[in-house]
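>>> 3D, please:
(one chain, ligands or ions: 2)
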Amino acid sequence: MTDMLHCANHPDAETMLRCNRCEKPICGKCAVLTDTGYRCKECIRGQQKSFETAEMIDYPIAFFVAIALSFIGGLIGPRLSFFVILLAPIAGTITAEAVRVAVRRRRAQYLFLTAAAGALVGSLPGLLGQILAFNLLGILWYGIYSSIVTSTVYYRLRGMVFKR
Ligand SMILES: [Zn+2]
Ligand SMILES: [Zn+2]
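Ligands and ions are numbered 1, 2, ... in the order given. Now for the predicted structure:
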């Protein structure tokens, strides 16, 4: 009598492998080699799912938080004419930090792009208003605000990538 196990999915298949997560015996067909050893397909699927949902929720959160704060900053910043150059980086920093807190410091790969896009979208209504009003100076200040807020959010959050 050997100490052979039988695969949980294929009772006829003898095996010596166990999933290193759920300890279920798995045959060669069912085993998937990962960085940490052999795992069953169910564990791999479950793992991917929880990883992806944690990430996916962060994108809309980051997007809308960035839109809201960038929009609020846009109501104030460009009215200060050239002081917008000082205020826009602060608005961008606040936006970036708010996004970081909102996603509870989880790290998703393309979050910085989503947040930067949100910051840009949030700053556009103000810019558009100035364009429609043919206010050249207004277009200049709002344009500066849009670009500084967007790039500040981008560079502050870019460091979040891959730091797992
Ligand atoms: Zn397993
Ligand atoms: Zn099997």
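>>> which non-adjacent residue is nearest the residue positioned nearest the centre of the chain?
Nearest to the mean C-alpha position of the chain, by Cα atoms, centre = their mean, lies residue 111 at 2.6 Å. Leaving aside its sequence neighbours, residue 111 sits nearest to residue 62 (Cβ to Cβ, 6 or more residues apart in numbering; 5.3 Å). Where C-beta positions appear, they are placed from N, C-alpha and C, glycine not excepted.
>>> so where's the longest helix in the protein?
Under DSSP state H, the helix in the chain containing the largest number of residues is helix 41-76.
>>> and the angle for the helix or strand following that helix with helix 41-76?
Once the chain leaves helix 41-76, the next helix or strand it forms, by DSSP states H and E, is helix 84-102. Using axes from the mean of the first three to the mean of the last three Cα atoms, to 10 degrees, the direction of helix 84-102 lies 150 degrees away from that of helix 41-76.
>>> I'd like to know how many residues surround the closest residue in space to residue 42 that isn't next to it in sequence.
In space, not counting the residues next to it along the chain, residue 42 is nearest to residue 22; the distance is 7.4 Å by Cβ to Cβ, 6+ apart. Residues near residue 22, counting by other Cβ atoms under 10 Å, number 13.
>>> which SSE is the nearest residue to residue 158 once chain neighbours are set aside in?
Nearest residue to residue 158 in three dimensions, chain neighbours excluded: residue 112, at 4.6 Å (Cβ to Cβ, 6+ apart). Assigned by DSSP H and E, residue 112 falls within helix 111-132.
>>> list the buried residues of the very next helix or strand once past that helix.
Using DSSP H and E, the helix or strand that follows helix 111-132 in sequence is helix 136-158. Residues of helix 136-158 classed as buried by neighbour count (16 or more other Cβ atoms under 10 Å): 138-139, 141-146, 148-154, 156-157.
>>> does anything pack onto helix 136-158? Which helices or strands?
Other helices and strands packing on helix 136-158, by 3 or more Cβ pairs under 8 Å, 6 or more residues apart in numbering; DSSP states H and E, are helix 41-76, helix 84-102, helix 111-132.
>>> export that helix as CSV, just CAs?
Only the C-alpha atoms of helix 136-158 are listed here, as CSV (Å, rounded to 0.1, in the frame of the first residue of the first chain):
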residue,chain,number,x,y,z
LEU,A,136,-8.8,84.9,-22.9
LEU,A,137,-7.2,85.6,-19.5
GLY,A,138,-9.8,83.2,-17.9
ILE,A,139,-8.8,80.5,-20.4
LEU,A,140,-5.2,81.0,-19.5
TRP,A,141,-5.7,80.7,-15.7
TYR,A,142,-8.1,77.8,-16.1
GLY,A,143,-5.8,76.1,-18.6
ILE,A,144,-2.9,76.5,-16.1
TYR,A,145,-5.1,75.1,-13.3
SER,A,146,-6.2,72.1,-15.4
SER,A,147,-2.7,71.1,-16.4
ILE,A,148,-1.1,71.7,-12.9
VAL,A,149,-3.9,69.8,-11.1
THR,A,150,-3.8,66.9,-13.5
SER,A,151,0.0,66.6,-13.5
THR,A,152,0.3,67.0,-9.7
VAL,A,153,-2.2,64.2,-9.1
TYR,A,154,-0.4,62.1,-11.8
TYR,A,155,3.0,62.4,-10.3
ARG,A,156,2.0,62.2,-6.6
LEU,A,157,0.0,58.9,-7.2
ARG,A,158,2.4,57.4,-9.7
